[in-house]
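Asks: For reference, the sequence and a predicted model appear below.
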Amino acid sequence: MIPRILLVGMMGAGKTTTGQLLAERLGWRYRDSDADVESATGLTVPELFARDGEAAFRRAETTVLADACADPSPSVVSVAGGAVLSEDNRRRIVASGIVVWLRARPETLATRVGDGAGRPLLGDDPAEALDRLNAVRAPFYAEVADIVLDVDELDPVTVADRIIVSMDAAADTDTATDTDTAMAPGQVR
């Protein structure tokens, strides 16, 4: 399998900043689903939502995720927060590399996204919207995650460091133990 790390989690969890740092440290390519959607459609995410609706965004999100997962170069992929809503996307994510859930409490996310500008799903009450979205998405993030990092009190540099340490620990364990042992979602070997 091509080396690939897929970062999943809610908006405001730090996927973009952490992903860029991680890719730089590993010398890998960096892909961001939202940026890829904007590049593919020629529209910002808010423009795409306003013009064509959420369904069009979800279709574009699925297309760029498939492209990122088919990329033959080692890469770090910041997966759009809602991509896990699709069962096909979840299968693709799991099959495409090490999946890291950057998990944060809704109140942390609300602080980080502020007034929600540029984030169409947040509406007039970002804190309430994040709480609601997180309740729906968290089980899906848990389903796909190989590694879960609680990022509420962590800066992106520390998160990137912990991902590398977790991957190194998992690699060491894989070489020292039976790799056919089942692993619960979110558990690090």
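Replies: Structure's in. What do you need?
Asks: most centrally placed residue in this structure?
Replies: When CA atoms, centre = their mean is applied to the chain, the residue found nearest the centroid is V8 (2.1 Å).
Asks: dump the residue contacts of that residue.
Replies: 15, 79, 81, 83-84, 93, 99-102, 141, 144-145 (CB atoms under 8 Å, 6 or more residues apart in numbering). C-beta: built from backbone N, CA, C; applies to glycine.
Asks: Which residue ranges of the chain form strands?
Replies: If you assign secondary structure with DSSP state E, the strands in the chain sit at 4-8, 29-32, 75-78, 98-103, 147-150.
Asks: Out of these, indicate the one that is most buried.
Replies: strand 75-78 (a mean of 28; mean count of other CB atoms under 10 Å).
Asks: Name every strand pairing with that strand and say which way it goes.
Replies: strand 4-8 (parallel), strand 29-32 (parallel) (DSSP bridges).
Asks: so how far is V76 from the residue nearest to the centre of the chain?
Replies: 12 Å (CB to CB, to the nearest Å).
Asks: Skipping adjacent residues, who's closest to A95 in space?
Replies: What sits nearest to A95 in space, not counting adjacent residues and going by CB to CB, 6 or more residues apart in numbering, is C69, at 7.7 Å.
Asks: For burial, what's the neighbour tally of P139?
Replies: P139 sits with 10 neighbouring residues when counted by other CB atoms under 10 Å.
Asks: coming back round to it: can you tell me which of the strands of the chain comes nearest to L22?
Replies: Nearest to L22, of all the strands of the chain, is strand 75-78, at 4.9 Å by CB to CB.
Asks: What is the distance between the closest one and the centre of its chain?
Replies: 8 Å (CA atoms, centre = their mean, to the nearest Å).
Asks: This structure: helices as residue ranges?
Replies: Remark: helices assigned in the chain by DSSP state H are 15-26, 33-41, 45-52, 54-70, 87-95, 106-113, 126-144, 156-176.
Asks: Which elements pack onto the fifth one?
Replies: The reference is to helix 87-95. The elements that helix 87-95 packs onto, with contact taken as 3 or more CB pairs under 8 Å, 6 or more residues apart in numbering; DSSP states H and E, are helix 54-70, helix 126-144.
Asks: now that helix and helix 54-70, what's the angle there?
Replies: 20 degrees (axes from the mean of the first three to the mean of the last three CA atoms, to 10 degrees).
Asks: again with the first one
Replies: Our comparison of helix 15-26 with helix 54-70, counting by the same axes, to 10 degrees, yields an angle of 10 degrees.
Asks: on that earlier part again, adding distance to P3 and mean pLDDT, write the helices of the chain out as TSV.
Replies: Output for the helices of the chain, formatted as TSV (distance: least, CB to CB, whole Å; pLDDT from 0 to 100):
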stretch	distance to P3	mean pLDDT
helix 15-26	8	96
helix 33-41	19	92
helix 45-52	28	86
helix 54-70	13	93
helix 87-95	14	97
helix 106-113	29	81
helix 126-144	18	89
helix 156-176	10	79
